[in-house]
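Visitor: next come a sequence and a model predicted from it.
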Amino acid sequence: MRFQVQKSFDSQIQTGTLYLVATPIGNLNDMTYRAVQTLKECDIIAAEDTRMTRKLLSHFEISPELLFSYHEHNKAASGPELIRYIIEGKNLALVSDAGMPAISDPGSDLVALAIEAGIPVVTVPGANAALSALIASGLPTERFTFIGFLPRDKKDMQKVLETVGYSQGTLIFYESPHRVLKTLTILLESYGNRNVVLARELTKRHEEYVRGSIQECIEWLEENPPIGEYCVIVEGMSAEEEHTLQNEWWQNLKLDQHVEHYENEGLSRKDAMKKTASDRGLSKRDIYNALLKEE
């Protein structure tokens, strides 16, 4: 990214502006005055699902000059076209189906294109499921990491969990109802029986928070089949656990030195790599591939 200073409301700007407008995640009363005003004043509204957005616009009596489809499968082609409109002087508002655009939804690519073209990017903030669930979870909010949806494959999930789970910060995931039990089971295997909060139907009539250990939440979902999208808030590692991990004897060793340590203890190369992988919470294949790169 090249160095750039943006004065969002500079009257000398020759192009239009890209507005990122938050929409309600369930309760329409969460729509802000500024969001309504911005959507009414923009020349173009780009939406992830135009049918969903049309309902929202109708509720607030907003009639856009142009409602443009912008989603994951057409963003490569539609992005440059939208940028051309803005360069010509049109103001464009980007919305997702619910919440903040560009968070587990399309948008970040369009923002990057706008910044590259020298177009001001302005946020119109509002409802967000991840932060709403976090602040009501009862888990620490001083440090947190947002992961969003995990990969579908178990090995890929475990790789992501290994990279984010070994610090004190609270973790935030999104999960669908048909995968949430599987995800909790893998979280239990990866992190042990940490505290977790399952939040769903946020801001709606049937809003629900289930708080407990991962095992307790698994048992709850087995008796109460999952319904709706979930925010899964997971307790981070305790200070004691993090301190212990940081003081593991092998922490200052390079990978080849770690393997060599076990070889010097009489283990075969294969078993030394297996033992090293176990220490570091990695697969033996990860160790093998890393050693190949070092050679």
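Guide: Yep, that arrived. Numbers count the residues shown, from 1 in each chain.
Visitor: lowest-confidence helix or strand of the protein?
Guide: Least confident helix or strand, the chain: helix 239-246 with a mean of 73, by mean pLDDT, DSSP states H and E.
Visitor: following it in sequence, what is the next regular element?
Guide: helix 255-264 (DSSP states H and E).
Visitor: can you give me the distance of the nearest residue to Glu207 once chain neighbours are set aside to Ser238?
Guide: Distances taken as Cβ to Cβ, 6 or more residues apart in numbering place Glu201 nearest to Glu207, at 4.9 Å, with adjacent residues excluded. C-beta: built from backbone N, CA, C; applies to glycine. Distance of Glu201 to Ser238, computed by Cβ to Cβ, to the nearest Å: 30 Å.
Visitor: check Phe144 too.
Guide: 15 Å.
Visitor: got it, and Asp286?
Guide: To Ser238, Asp286 is 26 Å away according to Cβ to Cβ.
Visitor: ok, now Asn27?
Guide: Taken as Cβ to Cβ, the span from Asn27 to Ser238 is 35 Å.
Visitor: pLDDT below threshold where in the chain?
Guide: For the chain, applying pLDDT under 70 flags the ranges 246-247, 294-295.
Visitor: can you give me phi and psi for the spatially closest residue to Glu41 that is not a sequence neighbour?
Guide: Nearest residue to Glu41, sequence neighbours excluded (Cβ to Cβ, 6+ apart): Asn91, at 6.9 Å. Here is the backbone geometry of Asn91 (degrees, to the nearest 10): phi -90, psi 130.
Visitor: tell me how far Asn91 lies from Glu162.
Guide: In terms of Cβ to Cβ, Asn91 sits 44 Å off from Glu162.
Visitor: just Gly99 next, same as before
Guide: 28 Å.
Visitor: more neighbours: which of those two?
Guide: Gly99 (24 against 15; other Cβ atoms under 10 Å).
Visitor: now do the more buried one against Glu48, distance only.
Guide: Per Cβ to Cβ, Gly99 is found 11 Å from Glu48.
Visitor: got it, and Gly281?
Guide: Gly281 sits 36 Å away from Glu48, taking Cβ to Cβ as the criterion.
Visitor: show me which of these two is the more surrounded one.
Guide: Per other Cβ under 10 Å, whichever of Gly281 and Glu48 has more neighbours is Glu48, with 20 against 15.
Visitor: show me what contacts the more buried one?
Guide: Glu48 makes contacts with 70-71, 95-97, 101, 105-106, as judged by Cβ atoms under 8 Å, 6 or more residues apart in numbering.
Visitor: now do the buried residues in stretch 137-157.
Guide: For stretch 137-157, burial by neighbour count (16 or more other Cβ atoms under 10 Å) applies to 137, 139, 144, 146-147, 150, 157.
Visitor: and if you look at stretch 179-194?
Guide: Result for stretch 179-194 [16+ other Cβ under 10 Å]: buried residues 180-181, 183-184, 186-188, 190-191, 194.
Visitor: same question, stretch 216-231
Guide: Neighbour counts over stretch 216-231 (16+ other Cβ under 10 Å) mark 217-218, 221, 226, 229-231 as buried.
Visitor: who's the residue nearest to Tyr85 when sequence neighbours are not counted bridged to?
Guide: Excluding the flanking residues, the one nearest Tyr85 by Cβ to Cβ, 6+ apart is Ile44, at 5.9 Å. Beta-bridge partners of Ile44, counted by DSSP bridges, are Leu66, Leu92.
Visitor: count the neighbours of Ile44 for me.
Guide: Ile44, neighbours per other Cβ under 10 Å, totals 20.
Visitor: can you pull the contacts of it?
Guide: Counting by Cβ under 8 Å, 6+ apart, Ile44 touches 64-68, 82, 85, 90-93.
Visitor: tell me how far Leu94 lies from Gly118.
Guide: For Leu94, the distance to Gly118 equals 18 Å [Cβ to Cβ].
Visitor: circling back to that earlier point, for Tyr33, state which of the buried residues of stretch 137-157 is nearest.
Guide: Lowest distance from Tyr33 to those (Cβ to Cβ) belongs to Phe146, with 27.1 Å.
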